[in-house]
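Student: need a 3D model of the sequence below.
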Amino acid sequence: MAIFASHSFASIAKPNPTVMIAPMFEKLLSKLHAKDSGPLPDTDARQALGALLVRIAKSDDHYAFEEISQIDRILAKRYGLSGVAAAKLRHECEILETQAPDTDAFAISIKEKVPYAERSAIVESLWNVVMADGIERPEEDRILDHTAAILGVETTDLKPTPPAR
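Tutor: Numbers count the residues shown, from 1 in each chain. Just a heads-up that it's a prediction; the model follows:
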């Protein structure tokens, strides 16, 4: 019980992931910033995609269970992972997302390191996360369109056409 006398329970239960796990992402973040390092290895690409999915899901300041579940499904399907492995990867991506550069710089780095076909699939996954809670929020829509534009991908084919009046 002496440990609780000098520390609050919250600080013990929630260690600062940025301080504890930052070295885990140093290589990936440096590869994203490097100009001529070529395409990302598969593991790094997985983490970069996952972090971007998390960033989009959090863009409306409401990180919903449905969005988290959708991210897990996307990661599991895309990379052939079990549900547990996908959830673990998403958790790593949540930590990486807090350490990644601003969304523009992050998307530019991904564009430079990931082929177009893969970027198009990424944007489709981002749209699925935006719509996971069934509500198209303007903040999420704006960041999706902006990120897709930076990635060089059109979103018009992904979004349903509004009904004619």
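
Student: number of residues surrounding Glu139?
Tutor: 12 (other Cβ atoms under 10 Å). Glycine gets a C-beta too; all of them are placed from N, C-alpha and C.

Student: to clarify, my last question referred to Arg142.
Tutor: 12.

Student: pLDDT below threshold where in the chain?
Tutor: Applying pLDDT under 70 to the chain flags residues 1-43, 157-165.

Student: how about the helices in this protein?
Tutor: 2-6, 9-13, 17-33, 42-57, 65-79, 83-99, 103-113, 116-130, 138-151 (DSSP state H).

Student: out of those, deepest packed?
Tutor: helix 42-57 (a mean of 22; mean count of other Cβ atoms under 10 Å).

Student: which elements pack onto that one?
Tutor: The helices and strands touching helix 42-57, judged by 3 or more Cβ pairs under 8 Å, 6 or more residues apart in numbering; DSSP states H and E, are helix 17-33, helix 65-79, helix 83-99, helix 103-113, helix 116-130, helix 138-151.

Student: how about the ones you listed in CSV, adding distance to Asp44?
Tutor: What follows is these, written out as CSV (distance: least, Cβ to Cβ, whole Å):
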stretch, distance to Asp44
helix 17-33, 5
helix 65-79, 13
helix 83-99, 10
helix 103-113, 8
helix 116-130, 13
helix 138-151, 17
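
Student: which of the ones you listed sits closest to Lys58?
Tutor: helix 83-99 (7.3 Å; Cβ to Cβ).

Student: the closest one to helix 42-57, inter-axis angle?
Tutor: Between helix 83-99 and helix 42-57, the angle comes out at 70 degrees (axes from the mean of the first three to the mean of the last three Cα atoms, to 10 degrees).

Student: all further residue positions should be reported with the first residue as 26.
Tutor: Understood, numbering begins at 26; the last thing we discussed is helix 108-124.

Student: can you name the residues that contact Asp85?
Tutor: Arg162, Glu164, Glu165 (Cβ atoms under 8 Å, 6 or more residues apart in numbering).

Student: ok, so of those residues, who is nearest His116?
Tutor: Among these, and counting by Cβ to Cβ, the member closest to His116 is Glu165, at 21.5 Å.
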